[in-house]
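Student: 3D, please:
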Amino acid sequence: MAAFLLLSLQVLASVASAAWVASDGGAVAPPQVVATGADDVVTLRIEVPGYDLEHALVDGRPYAKLGLPGEAWLMEKGLPELPMICRSVAIAGTGEPVLRVVESEWTETAVDPVLPSKGHLTRDLDPAGIAFTFDALYRDGGVYPRETASLGDPFIVRDERGVSLRVVPFQYDAGRGVLRVLRRLTVEVVTKGTGGLNELSQTAATAAVADPEFARIYRGLFANRGADKYVAIGTTGRMLVVTADAFQGALAPFVAWKLQKGIPVEVITMSSVGGTAAGIQAAIAGRYNAAPGLTYVVLVGDIADVPTLAGTYESADSDPSYGMVAGADLYPDLFVSRISASNVGEVQIQVAKFVRYERDPDTGAAAEWYHKGSGLASNEGTPTDYERSNLLRTDLLAYTFTQIDQIYQPTGTTAMISSALNEGRSLVSYIGHGSGTSWSNPPFANTNVLALSNAWKQPWLLDVSCSNGDFSTAVCFAEAWLRAGSVAQPSGAVGTYSASTLASWVPPCEMQAHAVDLLVAEQANVLGALYFYGGMQVLDTYPTGEGPKLIEQYNIFGDCSLVVRTDAPLAIAPSHPPVVQLGAPVFQVNVGAPGAVACLSRDGVIHGTAVADAGGLADIVLDVPVTVPGDMTLTVTGYNLTTYQATLSAINPSVVVLDPAAIDANVPTDVTVTVYGPDGTTPLPGIDVWAEGQGYATTAVATNAAGVAVIGVTYPYGPSLDVVGRDPAAAYDLFRAP
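Tutor: Have a look, this model is predicted:
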């Protein structure tokens, strides 16, 4: 558009409280977006029930400021700052998406000039000190924006292909002094044929392997991926650890724990990949593109020993760029974090933090800190940072949290932060200025972090600030939080997501808010998913400029596979067989907690994992058969649960003889089943025995004093018929013989 005209006065003389302007006289409500249809033709129906309207004075002249609950703004410097609705939809793997407007309904209203945007400012600036500029539109007239709805470029997230839709439900006609307001809009996103950008082949989608954490992200990221689209997947994603050679030994407890809880882990050293970032990239891509895929990457070492990548937007130090494997886009396809350390001791304390946090949570009265948090914020910006913090606080208090501190500028102090954290807080959000070694308002620096005495009561951080994650410096603020303390005297934090360069004012707040939204909706509780989901939402909203900047500059310090805690853990007492039967195909655990993960392992080998279904049952398919007698470990973990660990013996609990050993389909046959104890000679009476297969089961018959039961079988199919035995007093199968 035409050149900008500078307005020298930049002070807002006053801002009136927002008033709700309802389309149909209704209460305050966010826009409603409903997506239907298959991936090749997605229909979106959008309703805007109203908008917030504030009145501001700039240099004595009134201006209108508009808002939509939960939505972002167009922020082009000097042009009207109008709310917009941004949503992504999953689309067909091939073809170019095309947007078609089916119908729309608008109204018009007279309005003061719409307040212009100051653009995307970085957080080393105070917005109040930046002058407004006014595009020639304000002087000469014109309509902004010209386009109501538009699509971004297609992108790939692991095994899904998507595209972002931007709808601006307002048009400001400066010449007429009129605001056009959208009430309803129906559009179609049609994706057919071939030849589109970032096409996802079926081979690539299969190699990526559906992952439970990404499945949860999709529900929030894509408007057409509801909760019914994905079910719990009976596996957990693989992890690749890339470490400086000197730290490999210190990682042993971390690797052992991850394997025990069901995450397959591979550790490689920097020397094995040639000591270069390109070598790391090749190692990640090779494992990602080969079944069963890759979900987590943990880099271990400082930037000098384990190099990072340079972002494409501003060359920011960018570990997340290692996770951008599929497609020519910036949407991460796996989670990446860093255990930043310059010596073995710094690795050991971080490993101890992660393992203790997940495996050995506080219980009883000592666990009260899990549902307490702290909000730290400045009093700058419009809305102010503390107003944004209060929105997070409202969401968290409506969830499991019972206390969220309000430590805000100008009354918030360093001592108040230290006192709260030493008492115990599980989540800390910060919105304000910062540097490579501190938060500024309220103030908290590396020295204050290192002086904490919060022991194992360590929070994870949602950090909106400049340069806290600049790990090219000696010890940045994020590194101080993770490295703080020792195994004997722990302190600090268990994870943070921080920028390596100057953060912008608004987009990181949206990242932070979306992470909280995902948490309280219980769509994710893994650190990497919470952090990266927030970043991906910013990519949706600002696909050029601010989105790429944020997703590249923000780095995860800690363990990206860590399951966070937001409440005192619920004690679980799973029921299961007391032994593992040699050669058994399945081991069943009644966890009593849907979504919990059960893993059966021995000596660093995962024999099988399973996610408990809606009824709390976990059928562990023993992909690695148990063929050797000996002790095994059953581990059950879950969100806000205690950890269950049991040592089980792998033995033959019974010897079963079938006569005949095989039957013909559709031929009535009496099968004699003889059940003996582990010694193979002592009969087991009173065992219920039956046959079952696909859509078929016989009546159970109890074994007699000789351990014998006869069951009549007429099975309409040939294979896949099992003879099952169970002690009526037990809640598990004694044997299952094919």
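
Student: could you pull out the helices for this structure?
Tutor: Here the chain has its helices, by DSSP state H, at 137-140, 202-208, 212-221, 252-261, 277-288, 344-359, 385-397, 414-423, 446-450, 477-483, 507-520, 527-541, 546-553.

Student: what's the closest of those to Thr681?
Tutor: Among the helices of the chain, the nearest to Thr681 by C-beta to C-beta is helix 252-261 (36.6 Å). C-beta here means a position set from N, CA and C on the backbone, and glycine is covered the same way.

Student: Quick check: buried residues in the closest one?
Tutor: Buried residues in helix 252-261, defined by neighbour count with 16 or more other C-beta atoms under 10 Å: Phe254, Val255, Trp257, Lys258, Leu259, Gln260, Lys261.

Student: Next: stretch 724-732.
Tutor: Neighbour count says stretch 724-732 has Val724, Gly725, Arg726, Asp727 buried, by 16+ other C-beta under 10 Å.

Student: Format the residues you listed as JSON lines; extra columns: distance to Pro577 and pLDDT.
Tutor: Below are these laid out as JSON lines (distance: C-beta to C-beta, whole Å; pLDDT from 0 to 100):
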{"residue": "Val724", "distance to Pro577": "13", "pLDDT": "92"}
{"residue": "Gly725", "distance to Pro577": "12", "pLDDT": "92"}
{"residue": "Arg726", "distance to Pro577": "10", "pLDDT": "91"}
{"residue": "Asp727", "distance to Pro577": "10", "pLDDT": "89"}
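
Student: Filter these down to the ones in strands?
Tutor: Assignment to strands by DSSP state E places the following of those there: Val724, Gly725, Arg726.

Student: Does Ile687 touch Ala702 like I think?
Tutor: Yes: using C-beta atoms under 8 Å, Ile687 is in contact with Ala702, at 6.7 Å.

Student: more neighbours, the two?
Tutor: The neighbour comparison of Ile687 against Ala702 (other C-beta atoms under 10 Å) goes to Ile687, with 24 against 11.

Student: List the contacts of that one.
Tutor: Taking C-beta atoms under 8 Å, 6 or more residues apart in numbering, we find Ile687 in contact with Ser654, Val675, Ala702, Thr703, Gly707, Ala709, Gly725, Arg726, Asp727, Leu734.

Student: List phi and psi for it.
Tutor: Dihedral angles of Ile687 (phi, psi; degrees, to the nearest 10) stand at phi -90, psi 120.

Student: sorry, back to before: which stretch in the helices of the chain has the least confidence?
Tutor: When these are compared by mean pLDDT, helix 202-208 comes last with a mean of 54.

Student: Overlap in contacts, Ile687 and Ala702.
Tutor: Contacts common to Ile687 and Ala702, judged by C-beta under 8 Å, 6+ apart, are Ala709.

Student: what's the distance between the most centrally placed residue in the chain and Val48?
Tutor: Nearest to the geometric centre of the chain sits Ala529, at 1.8 Å (C-alpha atoms, centre = their mean). Applying C-beta to C-beta, to the nearest Å, the value for Ala529 to Val48 is 30 Å.

Student: got the helices of the chain as TSV, with distance to Glu692 columns?
Tutor: As requested, those are arranged in TSV below (distance: least, C-beta to C-beta, whole Å):
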stretch	distance to Glu692
helix 137-140	74
helix 202-208	32
helix 212-221	29
helix 252-261	32
helix 277-288	39
helix 344-359	37
helix 385-397	47
helix 414-423	56
helix 446-450	59
helix 477-483	52
helix 507-520	41
helix 527-541	38
helix 546-553	50
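
Student: And Asn666, what's its pLDDT?
Tutor: So, for Asn666, pLDDT stands at 88.

Student: Please report how far the closest residue to Gly630 other than its chain neighbours lies from Thr414.
Tutor: Nearest non-adjacent residue to Gly630, counting by C-beta to C-beta, 6 or more residues apart in numbering: Ala650, 5.7 Å away. According to C-beta to C-beta, Ala650 stands 55 Å off from Thr414.

Student: So between the two, which is more surrounded?
Tutor: Neighbour count, other C-beta under 10 Å: between Ala650 and Thr414, Ala650 has more, with 21 against 16.

Student: Go ahead and confirm that one touches Leu582.
Tutor: Yes: counting by C-beta under 8 Å, Leu582 is a contact partner of Ala650 at 5.9 Å.

Student: which residues are common contacts for those two?
Tutor: Joint contacts of Ala650 and Leu582 (C-beta under 8 Å, 6+ apart) are Val626, Val628, Pro629.

Student: show me the residues around the first one that make contact.
Tutor: Applying C-beta under 8 Å, 6+ apart, one finds that Val626 lies in contact with Val580, Gln581, Leu582, Gly583, Ala584, Leu600, Arg602, His607, Met632, Ala650.
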